[in-house]
Structure formats: structure tokens, C-alpha cells
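1. give me a model of this one.
(2 chains)
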There are 2 protein chains.
Amino acid sequence: MSLSRIITLHQPKRLEIGANASARVGDWAADAARIFVLATPHTAGFVDRLGLKGSVTVFDAIPGEPDIITFDSAMTAAKTARPDLVIGLGGGSVMDVAKLVAAMWDGSQTLADVAGPNKVAGRRSRLVQIATTAGTGSEAGIRALITDPGKGNKIAVESPHLIADLAVLDPVLTFSVPPAVTAATGIDAMAHCVEAFTNKNAHPVIDGYARMGIDLVGKYLVRAVRDGQDTEAREGMMLASFYGGICLGPVNTAAGHALAYPLGTLLHLPHGLANAIIFPHVLAFNESVAAAKTAEVVGFLGLADRAADEGLQKAAHGFCADLGVEMQLSKNGATEDQLPRFAEDAHAIRRLMDNNPREMSVEDVLSLYRAAF
Amino acid sequence: MSLSRIITLHQPKRLEIGANASARVGDWAADAARIFVLATPHTAGFVDRLGLKGSVTVFDAIPGEPDIITFDSAMTAAKTARPDLVIGLGGGSVMDVAKLVAAMWDGSQTLADVAGPNKVAGRRSRLVQIATTAGTGSEAGIRALITDPGKGNKIAVESPHLIADLAVLDPVLTFSVPPAVTAATGIDAMAHCVEAFTNKNAHPVIDGYARMGIDLVGKYLVRAVRDGQDTEAREGMMLASFYGGICLGPVNTAAGHALAYPLGTLLHLPHGLANAIIFPHVLAFNESVAAAKTAEVVGFLGLADRAADEGLQKAAHGFCADLGVEMQLSKNGATEDQLPRFAEDAHAIRRLMDNNPREMSVEDVLSLYRAAF
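-> Predicted coordinates:
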């Protein structure tokens, strides 16, 4: 236990976990008159499963990486719908936009007003988050990220008012996630846990969630990738993702996510894939200063023998590649001349880099990108 | 993961964890105009630490086992205070009454109206729970128990409206808990975890919390008993208690708590002590049908060698006795002729007995009480 530090943990006050748990939303929301659902064209197909009883408006135009324009059009639609209940039905992008719309549609704050921690004035609409991927853990937390296409970076909003009243982890909604996406997002969930676990600001309370999450990834990710309809494996991965979301709260990620971000903003890789590519390199970089916890990670993932044989970086790389993730930056559209820019951008994300247990110079970052090239 | 069952998890949406975390309540509650604090004469002394800004009324007359009369007088005081924020500042008894008062003071429901699951109509006042013991885990959950002195049993109220908006785990508030109470309540916290873990209705999600809780008890209970001002150990035990409270939600306890209840209602033993006395006997009784999980428990408590030498029941008994708990019923005021009545009453608590992994007849129950005599 930490003697020096009080931590604050935000969690949805109600969780429904299990196959077809999403069917419970209707009863929970029976008194909601106007319901505004944020979704993608694909996840909008799940609305019928929720058993909603009020008047329902579905906004299904949330893309993979939501930007200011997406947010503005969702807000416009919400102002027309005037919801007393907002539902995020999708992955991290959908749920992040849902958080902001729920808190802001009936207020006068702009995105610029709420950027940063504790700027959101309040929230009157209720908020339900229904995850349809296992990766971001957005349903667990109080943070929303919106891309600013002008600046090429992410606007981070963080507020207790963004926590869901109800979060639903229904593995059936993830059955149709393709194997490659299952693999990449699953590794992202694990990265949230691992980067909080080996973090400079690690905390024993969060370590407990991290261990549960990494253990679940070790048990279930291979199965979920191999058979998308393996309910038990899908449920295990949703839970791992949720625990990863808890890890993102009071501790957050470190260099791994910092190095992944430029791959999203500049190379336009999906967030999960970007993190999977980076994961083995940062894990190995940090090993010398986080040996005991790294050994625990290796144990949970069943990689102890392989790491002893091949070394940690190769073993972790193999774990990801065996899941079908294309781990080379060059095969994901990167060119070698981009790497210095990636390194410069990643190194500048101090809110994450300063969490890393081992100091990482711009040259270190560049050499990790080169190793991943 | 369970394939058959959806579970619902209720948790406070905000937790503050760490030494002097209770000082954060004032800022969180800055907009509360009228604050009603439930406490004991001892815990009322902590009110000054909370930094409260509104008008504060302290009701400090909650006894160890709150009954209908206590509840009624707390309700009367609350109706005068008209709080927008209710704070439970104490152990399980105080927090249980706080839940009910917060939900009921401004309504027309009686205790009889709300008894059972999902009968509470709603709650308008906010609710903060500040635990001052590590045992009950009441701050984590949605259940309140009030003794009915006429019938000699407990009225159980269970409702999502009873969940705290904020729960505070501040180890400093437990420094003055005497060693014997620390031991007994710590074993109670462990019993919540163990009885959910080896439960007929065990669930992998709850197993995760149970493991964390039992592990913490193994690490910290001896230290907390030995040195009441060991902040790290006290914090670990508060967290174990919180996780035990989570276990009480969707899974709950089993025969251990069923056997402990008559010791509370008829022999008037404190709840923690009653559970400590019963713990080794039920653990050993259930071993044959829950061997793997029992072995995990034994491992977490560091009792593997001792159990191999002396047998499980003696090892677990020794664990409790070494902490200074008086484990014999006869030395806690019981007479042998009371045991059949205890056995009959315990066996009749079907809501818990039906959770037990191994069928337990009235004769089985009686023989366990005899072994504890």
C-alpha cells in the first residue's frame, strides 16, 4: 500500500456483466422519456436488443477516430432530441463522444472550455455505456479523447461528471469483431494494465486490477481471436478491457501509449493496432527497472519459457504476431523518413512519458520505432 | 467466466483511498447546505477531520447492533435536519442506518415497506460512507441490516438506491480500533471473501475481488493487530473489507455467516467475533467440495505448512487464536444447552445456507457449534 498518496477511483455505480446483459438496459431505463443513442452504422444494429421503451433517436455517424466535426454534429442532433438518457453503444470512440454529449448538450460550454481536468460544469442526463469491443475500457472511466484535425493531436477531457451511471459488458455484442481487431484491441487492453502496473506512479490498488486484467488476457485472448463466438473468452476479454479502463484512471499509461499516439494521428493506424505494435518494445525497454512486475506480466501471458529462450522483446513480439497482428510499421504504411517526426511527437507527450519507469530520450524513442519498423 | 448467468455489480461511483482521505469530503460536499452525520459517540470525534462547510447535524447514538428503535430515532432527527447530504461515519451499523435514513427520511415508506430486495422507492439526498472499521464492507454495498428485537432476527433491506455516491477508506480513522476488534473484524472481512469464493453461486468476477481481499488479509491482518498505527497494514485491511463488501453483493456469504447470526441475535456477540469463531469450522467442513479454492485461501493466509501438519481446521483456528481472538463459545458466554437453538436458527437462514457448497443438516450445524464450544 502506498503511504504517501491518496488515490481517487471513479467507477460506474452499476455494472451488468454477462451474455445478453444488454437486454437489461430497457428495464433500467424504463422511466427515460427521450433516449439518444450514439453508435456506428454497425453497432446501431444492436439497438433492438436493448429493449428500450422511450422515444429513441439513434445517431450512428461516429467514425473510428472521432474529431471535433463528429462531436459538433452529434451535439446538434442531441440538442434536437433533448434526451434525459444518453447511451454510448460502441467502442471507445462512441463512448468518448457519448460522455461529452451527455454532459454538454444542454449546457453552454464548448469543447475548448472543458479541455483538461475538472472543467465540465455538470451533467443532468443519465449515461449508459454499452461496450461493443474489448479494448479501450472507456466505459469504466471519466476521460474522453477527441481528435483536433487542425493540430493533429487529441483533446483530453477528464471529469467525474463523465462517469457512466450504468456500464454493460455483454460479450455477445463483440462476436462480430474480426480476429485482427480482436487481437489488436485485446493487446491495447493489456497495455493499459501493463503500463499502469509498471508505471512510475503505480499504486497497489490499481496493481490489483492490472493483475486481474493481464491474467484474463493471458487466459482468453488467444481463444477470442481463434473463435469469435467463444462467449467465455469474449466475456473475459471485456472484463480485461474494463479493468484496463480502471487502470487508466488514477495511474494511466506511460511510454507505450505515448509512442502509439503519433501512429494514430499521423499514420492513421487504429488505436489498438498502434499499441500492439509498440507493446513488446516498451515492455523490453522498461524491464531493467521493473523486473519483478515484468516477470509477473510474462507469467500471466504464459511467456516465461519463450522469454528465457528468445529474450523478452522477441517473446512479446511473438505473442502479438501469433495473434495475427501485423507488427511491422513498414507493412502498415510507414516510411522510414517519418520516424524522427513520430519520435519527436511521442517524446513531447509528457503527461504519459513522465509516467514511464525508465527515462526515455528522443533517441531512445527513435530506436524503438526503428526496431518496430 | 460464467456462461449461464448475468451478474449485477453495484459500487460507489467514487472512492477516496489513503491516509487522511477523509479530509477530502468537505470539498466534494462543498455545495451541500444541510449535512446529517450518523456516528457513534467515538466516531463523532472524527467529524472535524472532514472539513465540512455546510450546516452539520451529528446524530451519534448508533449502538453496535442497530435495531428498529435506533432507526426510528435517527429518522426523527433527520426529519428535523432535512439534509441534502447524509454521511455514515462509523462501522457497519452506522453505515447501514445511514443508507436507510438517506433514502427514507423525506419519504413515506416504513421499514416494513422496504424489507427485502428492491422495495426502496428512491433517494434524493446524497450519501457518503466513511468507514472507521475494517470488516463489514458496508460502504461498498446496497444492503442494510436492522435488528428486530421482537423477533430476534435481522430485517434485510437491499436496493440500488442504498449505494454511496462517495466511499472513503481512510486508514487513520481505524488507528484506535483495539487489537481484539481489529482481529475479529478483519476475520469477518476475510469470511465475506472466502464464503463468496467457495460459494455454490460463486462467479469469476467476484472471485477476483475475493482473491484480492484474502491476499490482503494474509499480508496485513497480523501487522494491523500488532501495531494499530501501521498505516500500510490498516489501509490494506480497509481495502480487504471493501472487497469483502463487493463479494457480499451478487454472491453473498454462505453457512459461515448463517452460523454466526444466532451468536449475534441470541448471544449478543459482536458480528466480527461471531464470524471469527465460526470461520475455521465451516472452512474445514466445506473443504472436500471446494478443495482447489480452499487451497488458494490457505496459501493466501500463509497456512499451507501448518495445514499440512495439523489439518485445516486446527491451522485456521490457530490463525484466528494467534490474533488474540477468544475462539471458544463457552468462554464467550454460551452454555451448552443453547447450542440446539443456535443450530435450528442457523439452519433456517436458507438465503445463506442454500449458498453453501456442501449441504449442511441441522445435525451438521450442531456438531460445528459443539466443536467451537
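
2. burial measure for the residue in the stretch 51-200 of chain A positioned nearest to chain B, as a count.
-> When scored by C-beta to the nearest C-beta, the stretch 51-200 of chain A has A:Ile163 as its residue closest to chain B, at 5.6 Å. Just so you know, the C-beta spots here come from the backbone N, C-alpha and C atoms, and that holds for glycine as well. By the criterion of other C-beta atoms under 10 Å in any protein chain shown, A:Ile163 has 23 neighbours.

3. now do the contacts for it.
-> The neighbourhood of A:Ile163, defined by C-beta atoms under 8 Å, 6 or more residues apart in numbering or on different chains, consists of A:His10, A:Gln11, A:Pro12, A:Leu127, A:Gly141, A:Ile142, B:Lys13, B:Arg14.

4. one more: A:Gln109?
-> Residues in contact with A:Gln109 (C-beta under 8 Å, 6+ apart) are A:Lys119, A:Val120, A:Ala121.

5. same thing with A:Leu366?
-> With contacts defined as C-beta under 8 Å, 6+ apart, the neighbours of A:Leu366 are A:Leu339, A:Pro340, A:Ala343.

6. can you tell me what sits against the helix or strand containing the second one?
-> What that stands for is A:Pro340. Mapping A:Pro340 onto the secondary structure by DSSP states H and E places it in helix A:339-348. Judged by C-beta under 8 Å, 6+ apart, the contacts made with helix A:339-348 from elsewhere in the structure are A:255, A:258-259, A:261-263, A:265-267, A:329, A:334, A:353, A:360-363, A:365-366, A:369-370, A:373.

7. out of the residues you listed, list just those in strands.
-> For these, not one is inside strands, with DSSP state E as the criterion.

8. in PyMOL, select just the buried ones from these.
-> Of those, the buried ones go into a single PyMOL selection, burial set by 16 or more other C-beta atoms under 10 Å in any protein chain shown:
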select buried, chain A and resi 255+258+259+261+262+263+265+267+329+334+353+360+365+366+369
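
9. flag every residue of the stretch 51-200 of chain A that's near chain B.
-> Within reach of chain B by C-beta under 8 Å from any C-beta of the partner chain, the stretch 51-200 of chain A has these residues: A:Pro160, A:Ile163.

10. point out where chain A drops to low pLDDT.
-> By pLDDT under 70, the low-scoring segments of chain A are A:1-4.

11. the one residue in the stretch 251-373 of chain A that gets nearest to chain B: neighbour count?
-> Each residue of the stretch 251-373 of chain A has a distance to chain B, by C-beta to the nearest C-beta, and the smallest belongs to A:Val251, at 12.7 Å. If you count neighbours by other C-beta under 10 Å, A:Val251 ends up with 24.

12. show me the contacts for it.
-> A:Ala196, A:Asn199, A:Asn201, A:Ala202, A:His203, A:Ile206, A:Asn355.

13. could you find the closest non-adjacent residue to it?
-> When the adjacent residues along the chain are set aside, A:Val251 lies closest to A:Ala196, with 4.1 Å between them (C-beta to C-beta, 6 or more residues apart in numbering or on different chains).

14. A:Glu235 reaches A:Ala19, doesn't it?
-> Yes. With contact defined as C-beta atoms under 8 Å, A:Glu235 and A:Ala19 form a contacting pair (7.0 Å).

15. for these two, indicate the residue with more neighbours.
-> Looking at A:Glu235 and A:Ala19 with other C-beta under 10 Å, you find the greater number of neighbours at A:Glu235, namely 28 against 21.

16. adding secondary structure, write the contacts of A:Gln109 out as CSV.
-> Converted to CSV, the contacts of A:Gln109 look like this (DSSP: H, G, I helix; E, B strand; the rest coil):
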residue, secondary structure
A:Lys119, coil
A:Val120, coil
A:Ala121, coil
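
17. separate out the buried members of the residues you listed.
-> Using 16+ other C-beta under 10 Å as the burial test, the contacts of A:Gln109 include A:Val120 as buried.

18. determine which two of the contacts of A:Ile163 are furthest apart.
-> Based on C-beta to C-beta, the longest span within the contacts of A:Ile163 runs between A:Leu127 and B:Arg14 and measures 14.9 Å.

19. out of the two, which sits in the busier spot?
-> For A:Leu127 and B:Arg14, the more surrounded residue by other C-beta under 10 Å is A:Leu127, and the numbers stand at 24 against 21.

20. and the helix holding A:Pro340, how far from the chain's centre?
-> In terms of C-alpha atoms, centre = their mean, to the nearest Å, the centre of helix A:339-348 is set 22 Å apart from its chain centre.

21. now do the contacts for A:Ala210.
-> By C-beta under 8 Å, 6+ apart, the residues touching A:Ala210 are A:Cys193, A:Val194, A:Ala196, A:Phe197, A:Tyr243, A:Cys247.

22. try it again with 6 Å
-> A:Ala210 sits next to A:Cys193, A:Ala196, A:Phe197, A:Cys247 when contact means C-beta atoms under 6 Å, 6 or more residues apart in numbering or on different chains.

23. in what helix or strand does it lie?
-> In the assignment (DSSP H and E), A:Ala210 maps to helix A:204-226.

24. angle of that helix against helix B:204-226?
-> 160 degrees (axes from the mean of the first three to the mean of the last three C-alpha atoms, to 10 degrees).

25. in helix A:204-226, what's buried?
-> Judged by neighbour count using 16+ other C-beta under 10 Å, the buried positions of helix A:204-226 are A:204-222, A:224-225.

26. for stretch A:184-196, same thing?
-> Of the residues in stretch A:184-196, those scored as buried under the neighbour-count criterion (16+ other C-beta under 10 Å) are A:184-196.

27. where does the residue nearest to A:Leu127 when sequence neighbours are not counted sit: helix, strand or coil?
-> Leaving aside its chain neighbours, A:Leu127 sits nearest to A:Ala102 (4.3 Å; criterion: C-beta to C-beta, 6+ apart). Using three-state DSSP as the criterion, the local structure at A:Ala102 reads helix.

28. likewise A:Leu52?
-> Relying on three-state DSSP, one would call A:Leu52 coil.

29. quick one, what contacts it?
-> Taking C-beta under 6 Å, 6+ apart as the definition of contact, the neighbours of A:Leu52 are A:Gly26, A:Ile35.

30. out of the contacts of A:Ala210, what pair is the most spread apart?
-> The widest separation within the contacts of A:Ala210 (C-beta to C-beta) is 7.4 Å, between A:Phe197 and A:Cys247.

31. the residue positioned nearest the centre of chain A - nearest residue in space that isn't next to it in sequence?
-> When chain A is reduced to its mean C-alpha position, the nearest residue by C-alpha atoms, centre = their mean turns out to be A:Thr136, at 1.8 Å. Counting by C-beta to C-beta, 6+ apart, A:Gly92 is the residue found nearest to A:Thr136 once chain neighbours are left out, at 2.9 Å.

32. next one: A:Leu38
-> Using C-beta to C-beta, 6+ apart, the closest residue to A:Leu38 is A:Ala98 (4.5 Å).

33. for that neighbour, pull up the helix or strand it's in.
-> Short version: A:Ala98 belongs to helix A:92-104, going by DSSP H and E.

34. can you list contacts of that helix?
-> Taking C-beta under 6 Å, 6+ apart as the criterion, the residues outside helix A:92-104 that touch it are A:38, A:62, A:64, A:66, A:71, A:74, A:78, A:86, A:88, A:120, A:123, A:125, A:127, A:129, A:136, A:138-139, A:144-145, A:161-162.

35. for stretch A:230-250, same thing?
-> Contacts of stretch A:230-250 with the rest of the structure, by C-beta under 6 Å, 6+ apart, involve A:7-8, A:10, A:19, A:134-135, A:137, A:140-141, A:169, A:171, A:174, A:186, A:189, A:192-193, A:196, A:206, A:209-210, A:212-213, A:216-217, A:220, A:223-224, B:1, B:3.

36. what of stretch A:195-209?
-> If you take C-beta under 6 Å, 6+ apart as the criterion, stretch A:195-209 is touched by A:1-2, A:7, A:210, A:243, A:246-247, A:251, A:253-254, A:256, A:286, A:290, A:293, A:355, A:357, B:17, B:212.
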